[in-house]
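Trainee: Sharing a model prediction with you, sequence too.
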Amino acid sequence: MNENAPTNASLPEVLGQIRRLAASDDESARTAATTRLTQLLEEEFDAVLDATQEWALDPDRRIREVTLRACEQPAATTDEARVRHLLGRVERFIGDPDPAIDDRWSRVTVPHLLAIRPEVVLPWLREWTKNPETRARAGVARALGAIGGRYPTEAVEGIAELGSDPRAPVREAVVGALEEIREQYPQMGPYLDGRFGLLLRSE
C-alpha cells in the first residue's frame, strides 16, 4: 500500500486502494494487498468481510487469490465465530476455475484454519463432501489428504464419502489423498488397502 496514503481514509477508500494493488501485474503489489487485507480483517472483521463479499467471485483471478490468502488469519485473533465466517468465505472458492486458487484453498487455507479450530473445520469438510460438482469434490479430497497428517481417521472417513465417485478427477484426487496419508502413516497401509483396495488397484 502507498505509504503516503492518508491515514484517515475511509474503509471504502482503503479497500479501493487494496483492490487496485490486488489487480496489479506486479507480484510485490499483490503481496502488499494481501498483507493489508489480512490486517484489515483482523482490525475490522465484520465490516471488511461484508465489503469484500464479491471479491471472491471477481472475474480477475488476481483479486480472488488475494481475497483467499487473506482468509489465512493469525491464530491469535481468530476465534470460533471468525473461523466459521472464514469457512463461509472459503466455500466460495470451492471449484474455482483457476488451478492455483483451487489448489490453495484445499491444500493451504483449509489446513491453516484447521490448525486454529479443528472442532469447527472438520464438520465443514464432511459437509463439503456432499457437493455434487466434480471440481469441488476433487478439491475436498485434496483438502482431506492435506489434513491427514494431523487427523488421519477423520480424513479417511471423509475420503470414504468420495471414494465411490466414478469421475476421473475425483478418483485421482481420492487416490492421491490416500497415498498422502499412507506416506505419513505407513502403519495404516493394510487398513487402507483393505478398505479402498479396489479403488487403489484400479489406478
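Mentor: That came through fine. Numbering: from 1, shown residues only.

Trainee: averaged over its residues, what pLDDT does stretch 27-45 have?
Mentor: Computed over stretch 27-45, the mean pLDDT rounds to 96.

Trainee: same check, this time on stretch 8-15
Mentor: 92.

Trainee: And for stretch 108-126?
Mentor: The average pLDDT for stretch 108-126 rounds to 96.

Trainee: Need the residues that contact the helix or strand containing Ala141.
Mentor: When elements are defined using DSSP states H and E, Ala141 is found to belong to helix 134-147. Residues lying outside helix 134-147 but in contact with it, judged by CB atoms under 8 Å, 6 or more residues apart in numbering, are 94-97, 102-103, 105-107, 110-111, 114, 125, 128-129, 131, 154-155, 158-159, 162, 165, 167, 169-170, 172-174, 176-181. All C-beta spots, glycine's among them, are computed from the backbone N, C-alpha and C.

Trainee: Quick check: Ile116 vs Leu68, distance?
Mentor: As for Ile116, its distance to Leu68 is 16 Å (criterion: CB to CB, to the nearest Å).

Trainee: Looking at these two, which has the bigger crowd around it?
Mentor: Set Ile116 next to Leu68 and count neighbours by other CB atoms under 10 Å: Leu68 wins out with 24 against 20.

Trainee: In contact with the more buried one, which residues?
Mentor: Residues touching Leu68, when contacts are defined by CB under 8 Å, 6+ apart, comprise Ala56, Val90, Phe93, Ile101, Arg104, Trp105, Thr109.

Trainee: next one: Val174
Mentor: Residues Ala141, Ile159, Leu162, Gly163, Asp165, Leu199 are the ones in contact with Val174 under the rule CB under 8 Å, 6+ apart.

Trainee: With Leu199 instead?
Mentor: With contacts defined as CB under 8 Å, 6+ apart, the neighbours of Leu199 are Gly163, Arg171, Val174, Val175, Leu178.
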